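K.L.:
predicted coordinates and the sequence they were generated for:
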Number of protein chains: 2
Amino acid sequence: MQTELSKKLGIEHAVFGFTPFPAVAAAISRAGGLGVLGAVRYTAPDELQRDLDWLHEHAGGRPYGLDVVMPAKKVEGVTEADVEAMIPESHRQFVTDTLAKYGVPELAQGEASGWRITGWMEQVARNQLDVAFDYPIKLLANALGSPPADVIARAHEHDVLVAALAGSARHARKHAEAGIDIVVAQGYEAGGHTGEIASMVLTPEAVEAVDPLPVLAAGGIGSGQQVAAALALGAQGVWLGSVWLTTTEADMHSPAVTRKLLAAGSGDTVRSRALTGKPARQLRTEWTDAWDDPAGPGTLPMPLQGLLVAEAVSRIQKYEVEPLLGTPVGQIVGRMNEERSVQAVFDELTRDFEKAIDRINRIAGR
Amino acid sequence: MQTELSKKLGIEHAVFGFTPFPAVAAAISRAGGLGVLGAVRYTAPDELQRDLDWLHEHAGGRPYGLDVVMPAKKVEGVTEADVEAMIPESHRQFVTDTLAKYGVPELAQGEASGWRITGWMEQVARNQLDVAFDYPIKLLANALGSPPADVIARAHEHDVLVAALAGSARHARKHAEAGIDIVVAQGYEAGGHTGEIASMVLTPEAVEAVDPLPVLAAGGIGSGQQVAAALALGAQGVWLGSVWLTTTEADMHSPAVTRKLLAAGSGDTVRSRALTGKPARQLRTEWTDAWDDPAGPGTLPMPLQGLLVAEAVSRIQKYEVEPLLGTPVGQIVGRMNEERSVQAVFDELTRDFEKAIDRINRIAGR
């Protein structure tokens, strides 16, 4: 499974694996894909450094990358406290009431919320980059549009390719104009932040929009047949995130979340603003239902919603309050039915890819 | 482009074209696909007979099919007047007010609404079948689930294959258990009634669910690359509806609708209940916005909504009131940018299919 882009990056399969877990990223790279470590949870640069050290040591000398969340628009001089002050009391009350309704215990005093808005701020991403460029990363991906011009230039100085996620051909074109190297076309069926255009339509539109820049297809891909489909649509590779969540290398911290992922069907996700204020696909839960209920107060815009629910989400996760417990994941969750190693996922992926090619050649009479 | 199913049906390409227009259906069959005529608009059996006569004469001796709308559940002894009486006055007022706001003229006295609920009733579909089985149709498709057992049996006596649309693997399995022959897996990106699971995920799920029954992939397919992708996902053919709307053979009755279709991007559709009460993808307009607005009265369930808006839709269409004027269409509308003959669509489809196969073989190192 070799495209121009995979050859350029020196990887065996044109499979890009996004994951928040260093052990998963390392296993993806060892298996012949490109492991891309999600950096958003590292607010402290030394933690990122520690995990990149580990990843570098365990990637078997294979290439790997980093995914940051760098807002396209810079917010100057705004503190977390400023943002906190913008949250209406009625919304705080709704969080309190909903947690009380399900008997969700409080965190112990001094126990920090797992998710802080600061992870989304440009300075944090810049600190992450100061660390990351000390490592031989091959790819820098940004989940929130094109990174600033100086970051792109800095990446290029380090021979790092820059990728940006796009949910429409228009976004893809904007990224191309900003000077990025790879567009990740993220379809409606993808986990996390998504637009409304499905991969079947979005992938070829993005390919046409930025030609000759390479496009990776993201959203709805977890099998070799789907990899073949994405490549037939003109992608130079696939970007997989959800499928790694149920690998044995993933450190989900919650057996209940893993159980829910293994049990969920493709119809059990929802594109909801409950998590961050922007539509993000995740497991549908009574928590997302509460936020999406027209009878409720509704969600706040990003970044207010994320800040509003951060502690609540930590409490739900810590105490595994099942009706409320969710996680970002794509529609591909329907085929994530057993825990397997990353290598086992790759073995099946490449085997089924070859089968799909055999089948399509028979249909084409070749 | 030959699958087991296309061979069984004696067609050259595994491309199934759904259309309300006999001229389009005939051209699809002549081009080597299977033209499938949508019957929902024929409330009078003699009109269907006239158009099937025409189709038979112009299909060049090639196979063709019929698509009916036969509800899975039978509604006994309910008249249109009974259903009319269930519509709240406030909803009627909202229709009146919205039309007045845009200055939509009234129909002339005695001018019938173009869409009647009766087209959705089982007896109407049965009358259609009495006509249809006099013709050598090869396929009978049902847009509302599995047809009743006696209809399936009757089709099989006439050597007619029965297809049913499904938006989930569960629906597909139900259809298979009912004894149908082909599942049309209709993805989120499709025009008309759709579920929430995108084709990239739905197609392989349906294939696995009903194996060894054949699955046609519907939703998001308009190019040869997309045909290749759908077949790589395990489909035995593709089901295309939207792409024919802008062919020269299509009789859209409204230059304004055609203009809007040619101008629309993939992001200009919406999955709205405005048309029938069930989610159906269509062009997004100020009409769909009004129904989807949380500040409005919202839509009524099927079949009330369809009956409520039937005359309004006729008026909007007749007077081409552009801000309100829409039509069911899938996200593939983004690449419907010029009027072309059905044959030209086929020529490009088959050429690009071959190109996609070449490309994927290069990637696979074959």
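P.N.:
Right, received. Where do you want to start?
K.L.:
tell me where the stretch 151-300 of chain A has helices.
P.N.:
In chain order, the stretch 151-300 of chain A shows helices spanning A:169-178, A:199-210, A:224-232, A:255-263, A:286-292, with DSSP state H, counting those that start in this stretch as the criterion.
K.L.:
so who does the residue lying closest to residue A:302 once chain neighbours are set aside touch?
P.N.:
For residue A:302, the nearest residue in space outside its immediate sequence neighbours is residue A:277; the separation is 3.6 Å by CB to CB, 6 or more residues apart in numbering or on different chains. Where you see a C-beta, it was placed from the backbone N, CA and C, and this is true even at glycine. For residue A:277, the contacting residues are A:299, A:300, A:301, A:302, A:303, A:304, A:305, A:306, taking CB atoms under 8 Å, 6 or more residues apart in numbering or on different chains as the criterion.
K.L.:
give me the secondary structure label for the third one.
P.N.:
Under the three-state scheme (DSSP: H, G, I helix; E, B strand; the rest coil), residue A:301 adopts coil.
K.L.:
which helices and strands does the helix or strand hosting residue A:24 pack with?
P.N.:
Under the assignment given by DSSP states H and E, the secondary-structure element containing residue A:24 is helix A:22-30. When contacts are defined as 3 or more CB pairs under 8 Å, 6 or more residues apart in numbering or on different chains; DSSP states H and E, helix A:22-30 packs onto strand A:15-19, strand A:34-38, helix A:45-58, strand A:64-68, helix A:342-363.
K.L.:
which bits of the stretch 101-250 of chain A sit near chain B?
P.N.:
If contact is defined as CB under 8 Å from any CB of the partner chain, the residues of the stretch 101-250 of chain A in contact with chain B are A:168-169, A:187-189, A:195-202, A:204-205, A:219-221, A:223, A:225-226, A:228-234.
K.L.:
so does the helix or strand hosting residue A:5 get close to chain B?
P.N.:
Taking DSSP H and E as the criterion, residue A:5 maps to helix A:4-9. No - legend: contact between helix A:4-9 and chain B by CB under 8 Å from any CB is lacking; minimum distance shown is 8.8 Å.
K.L.:
how about that helix: buried residues?
P.N.:
Of the residues in helix A:4-9, those buried under the neighbour-count criterion (16 or more other CB atoms under 10 Å in any protein chain shown) are A:5, A:6, A:9.
K.L.:
quick check, nearest of the residues you listed to chain B?
P.N.:
Closest to chain B out of the buried residues of helix A:4-9 is residue A:6 (8.8 Å), distances taken as CB to the nearest CB.
K.L.:
check contacts around the nearest residue to that closest one once chain neighbours are set aside.
P.N.:
Excluding its sequence neighbours, the residue lying closest to residue A:6 (CB to CB, 6+ apart) is residue A:14, at 4.0 Å. Taking CB under 8 Å, 6+ apart, we find residue A:14 in contact with A:1, A:2, A:3, A:5, A:6, A:231, A:236, A:237, A:238, B:363.
K.L.:
give the other helices and strands that the helix-or-strand element of chain A with minimal mean pLDDT contacts.
P.N.:
Every helix and strand of chain A was ranked by mean pLDDT, DSSP states H and E. The lowest is helix A:80-84, at a mean of 81. Helix A:80-84 sits against helix A:304-318, with contacts defined as 3+ CB pairs under 8 Å, 6+ apart.
K.L.:
flag the shaky bits of chain A, pLDDT-wise.
P.N.:
In the predicted model, chain A carries pLDDT under 70 at residues A:72-76, A:112-121.
K.L.:
which bits of the stretch 251-366 of chain A sit near chain B?
P.N.:
Counting by CB under 8 Å from any CB, the positions of the stretch 251-366 of chain A adjacent to chain B are A:265-267, A:294, A:331-332, A:334-335, A:353-354, A:356-357, A:359-361, A:363-366.
K.L.:
what subset of those is buried?
P.N.:
Among these, those that count as buried by neighbour count (16+ other CB under 10 Å) are A:265-267, A:331-332, A:334-335, A:353, A:356-357, A:359-360, A:363-364.
K.L.:
need the residues you listed in a markdown table (columns: distance to residue B:148).
P.N.:
Formatted as a markdown table, those follow (distance: CB to CB, whole Å):
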| residue | distance to residue B:148 |
| --- | --- |
| A:265 | 28 |
| A:266 | 29 |
| A:267 | 26 |
| A:331 | 32 |
| A:332 | 35 |
| A:334 | 30 |
| A:335 | 33 |
| A:353 | 42 |
| A:356 | 37 |
| A:357 | 41 |
| A:359 | 35 |
| A:360 | 37 |
| A:363 | 34 |
| A:364 | 38 |
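K.L.:
for residue A:102, what are phi and psi?
P.N.:
Summarising the backbone geometry of residue A:102 under the convention degrees, to the nearest 10, its torsions are phi -100, psi 10.
K.L.:
list the contacts for it?
P.N.:
A:286, A:321, A:323, A:324.
K.L.:
could I get the buried residue list for the least confident helix or strand of chain A?
P.N.:
In helix A:80-84, residues buried by neighbour count (16+ other CB under 10 Å) are residue A:83.
K.L.:
distance from the chain centre to that helix, please.
P.N.:
Taking CA atoms, centre = their mean, to the nearest Å, one finds the center of helix A:80-84 at 25 Å from the center of the full chain.
K.L.:
now do stretch A:97-114
P.N.:
Computed by CA atoms, centre = their mean, the chain-centroid distance of stretch A:97-114 equals 26 Å.
K.L.:
buried residues of that stretch, list them for me.
P.N.:
Under the neighbour-count criterion of 16+ other CB under 10 Å, stretch A:97-114 has A:98, A:99, A:102, A:104 buried.
K.L.:
now, among these, which is nearest to residue A:215?
P.N.:
For those, the minimum distance to residue A:215 (CB to CB) is 40.2 Å, reached by residue A:98.
K.L.:
could you name the helices and strands sitting against the helix or strand hosting that closest one?
P.N.:
In this structure, residue A:98 sits in helix A:89-101 according to DSSP H and E. Packing partners of helix A:89-101 (3+ CB pairs under 8 Å, 6+ apart): helix A:286-292, helix A:304-318.
K.L.:
can you add mean neighbour count and give those back as CSV?
P.N.:
As requested, the helices and strands packed on helix A:89-101 are exported to CSV (neighbours: other CB atoms under 10 Å in any protein chain shown):
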stretch, mean neighbour count
helix A:286-292, 19
helix A:304-318, 20
